[in-house]
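**Student:** build me a structure from this.
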Amino acid sequence: MSLADCIRREKGTKDPSEVEALCLDQAKCTEGLGALEPFAQLGSLSIQDAGISSLETLPALEYLTELKMSDNKIKGGLEHLLRCPNLERLYLAGNQIATLDALEKLSGLSKLELLDLEGNPVTKEPSYSTKVFDMFNNLIALDNKNRQGEEIEEDDDDDELDELELMELEDEDEDEDEEELELLEEEELELLDEELLCDELDEEELDEELDE
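**Tutor:** The predicted model follows:
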């Protein structure tokens, strides 16, 4: 089934701008990926085992956070994935990516937390795991393993992502608490200054009365 036909089947009667997820696995992408352009609100896209060899026609999908493109024929051109700047989970297992230089093009994906490259030739590169983790500041899982090389299941990975988000929220709360404390201290100092000023004025009035 062609990509356009798969899209029509999946979206049903919805307007493309209302569709937030598409599963187009095994679609025939002989005419590229341009048919995805109207789906600007997509958050999740699966297009696996679809014969994709080039990402050049991938449209900009600003809200996409999860992209599954495993079991295709992708060798390079990964820079086109930067058109999806909010990607957090990227599945590229079973492709033909052979070099770390090719992966370096993805380093602009600053929110990437999960990357799956199992079955690609690049996984045989010396120090592959360490180098890939070093490319992405927020990466938690590479090929179902953490930075320490420990196997993690999908549910475990979700837990780690949740923990990371919780830590970020706690940091934000701490920052807010510090700001509130600083404001309180400033208000207390202002009140103290006002009290001192009032005391000085009272003393001056008392001196004036005594002089009289």
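**Student:** could you give the number of residues near the nearest residue to Leu109 once chain neighbours are set aside?
**Tutor:** Nearest residue to Leu109 in three dimensions, chain neighbours excluded: Leu87, at 5.2 Å (C-beta to C-beta, 6 or more residues apart in numbering). For glycine as for every other residue, the C-beta is placed from the backbone atoms N, C-alpha and C. Counted with other C-beta atoms under 10 Å, the neighbours of Leu87 add up to 22.
**Student:** relative to Met69, how far out is Leu87?
**Tutor:** 11 Å (C-beta to C-beta, to the nearest Å).
**Student:** next: Tyr63.
**Tutor:** Tyr63 is 17 Å from Met69, where distance means C-beta to C-beta.
**Student:** the more surrounded of these two?
**Tutor:** In this view Tyr63 and Met69 are compared by other C-beta under 10 Å, and Met69 has more residues nearby, 24 against 14.
**Student:** my guess is that one contacts Gly51. True?
**Tutor:** No: using C-beta atoms under 8 Å, Met69 makes no contact with Gly51, being 11.2 Å away.
**Student:** which residues in the chain form strands?
**Tutor:** Here the chain has its strands, by DSSP state E, at 21-23, 44-46, 66-68, 89-91, 114-116, 141-142.
**Student:** can you tell which of those strands is closest to Glu56?
**Tutor:** Glu56 sits nearest to strand 66-68 of all the strands of the chain, at 15.6 Å, using C-beta to C-beta.
**Student:** and for that closest one, what's in contact with it?
**Tutor:** 43-48, 81, 84, 87-91 (C-beta atoms under 8 Å, 6 or more residues apart in numbering).
**Student:** export those to CSV and tack on distance to Leu33 and pLDDT?
**Tutor:** Listed next are the contacts of strand 66-68 as CSV, based on distance: C-beta to C-beta, whole Å; pLDDT from 0 to 100:
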residue, distance to Leu33, pLDDT
Gly43, 17, 97
Ser44, 15, 97
Leu45, 10, 97
Ser46, 13, 97
Ile47, 8, 97
Gln48, 13, 97
Leu81, 11, 97
Cys84, 12, 97
Leu87, 15, 97
Glu88, 20, 97
Arg89, 18, 98
Leu90, 15, 98
Tyr91, 16, 98
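**Student:** can you turn the buried part of the residues you listed into a PyMOL selection?
**Tutor:** Here is the PyMOL command that selects the buried residues among the contacts of strand 66-68 (16 or more other C-beta atoms under 10 Å):
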select buried, resi 45+46+47+48+81+84+87+88+89+90+91
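**Student:** and Asp101, how many neighbours does it have?
**Tutor:** Counted with other C-beta under 10 Å, Asp101 comes out at 9.
**Student:** ok, Glu186 next?
**Tutor:** Applying other C-beta under 10 Å, I find that Glu186 has 10 neighbouring residues.
**Student:** and the one 3 residues further on, by the same measure?
**Tutor:** When neighbours are defined as other C-beta under 10 Å, Leu189 has 10 of them.
**Student:** ok, Glu20 next?
**Tutor:** 13.
**Student:** pLDDT wise, what is it at?
**Tutor:** pLDDT recorded at Glu20 is 96.
**Student:** just the one 10 residues further on next, same as before
**Tutor:** At Thr30, the predicted lDDT confidence score is 85.
**Student:** from Gln96, how far off is it?
**Tutor:** 18 Å.
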